[in-house]
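[1] Model the following, please.
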Amino acid sequence: MSGRKDSELTDVTLLGNQGTNYTFEYNPNVLETFENKHIENDYFVKFNCPEFTSLCPKTNQPDFATIYISYIPDVKMVESKSLKLYLFSFRNHGDFHEDCMNIIMKDLIKLMDPRYIEVWGKFTPRGGISIDPYVNYGKPGTKFEKMAEHRMMNHDLYPEKIDNR
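    As a prediction, the model looks like this:
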């Protein structure tokens, strides 16, 4: 199998672009995809994003988190630089932790229509308490729908157990 050709990367415009424009407001339109060349395989793609920030909707104080995104692709995959810029766009977005995780998951589902996806937010404790929202989705009518149900019910799923290479 040969590498990717330029004709396969027409939707990837941010990678290698030296004139990157950083958006300081929530912007799902920055997300880009490329084709999954291994559609016959079920495999996980995992992102660990340790520099996520958003704002408290009430106080406007910054909230800091590590975001863990894991998905099993179908036809499309998210390009990593666009994902980084998308997560950066939450910097001035005022929402609760749980809202941010649900928004991220829904945007990625809309973008890629993955077989399975889960998004964890491990937020830095504030006032002696941390909030670690977890959301997931399995494509309806597939084995991944059952997988999502099972993983949601498994109480032993914590980001600390993810391999942080």
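[2] Where does the residue nearest the centre of the chain sit, in terms of helix or strand?
    The structure's the chain has its C-alpha centroid closest to residue 69; by C-alpha atoms, centre = their mean the separation is 4.4 Å. Assessed by DSSP states H and E, residue 69 sits inside strand 62-72.
[3] remind me which residues of this protein are low pLDDT?
    1-2, 13, 16-18, 155-165 (pLDDT under 70).
[4] That one: strands as residue ranges?
    Taking DSSP state E as the test, the strands found in the chain are 33-35, 45-55, 62-72, 76-78, 116-123, 134-138.
[5] burial measure for residue 117, as a count.
    When neighbours are counted by other C-beta atoms under 10 Å, residue 117 registers 26. For the C-beta atoms, the positions are set from N, CA and C on the backbone; glycine is no exception.
[6] Report the separation between it and residue 69.
    7 Å (C-beta to C-beta, to the nearest Å).
[7] shared neighbours, the two?
    Residues touching both residue 117 and residue 69 (C-beta atoms under 8 Å, 6 or more residues apart in numbering) are residue 108.
[8] The strands of the chain: which one's closest to residue 15?
    strand 33-35 (9.3 Å; C-beta to C-beta).
[9] Please spell out which residues along that closest one are buried.
    The neighbour-count check on strand 33-35 (16 or more other C-beta atoms under 10 Å) flags 33-34 as buried.
[10] I'd like to know how many residues surround residue 5.
    For residue 5, using other C-beta under 10 Å, the count is 7.
[11] can you pull the buried residues of the helix ranked longest in the chain?
    Determined from DSSP state H, the single longest helix within the chain is helix 97-112. For helix 97-112, the neighbour count (16+ other C-beta under 10 Å) marks 97, 100-105, 107-108, 111-112 as buried.
[12] partners of residue 122 in the sheet?
    Beta-bridge partners of residue 122, counted by DSSP bridges, are residue 66.
[13] Same check on the one 4 residues further on?
    Residues in a beta bridge with residue 126, per DSSP bridges, are residue 129.
[14] related to what we said a few turns ago, nearest residue to the residue nearest to the centre of the chain in space, please, no chain neighbours.
    Of all residues not flanking residue 69 in the chain, residue 47 sits nearest, at 4.4 Å (C-beta to C-beta, 6 or more residues apart in numbering).
[15] And the one you found, how close does it get to residue 10?
    From residue 47 to residue 10 the distance is 23 Å (C-beta to C-beta).
[16] More neighbours: those two, which one.
    residue 47 (15 against 8).
[17] hang on, that one packs against residue 83?
    Yes - applying C-beta atoms under 8 Å as the test, residue 47 and residue 83 come out as touching, 6.4 Å apart.
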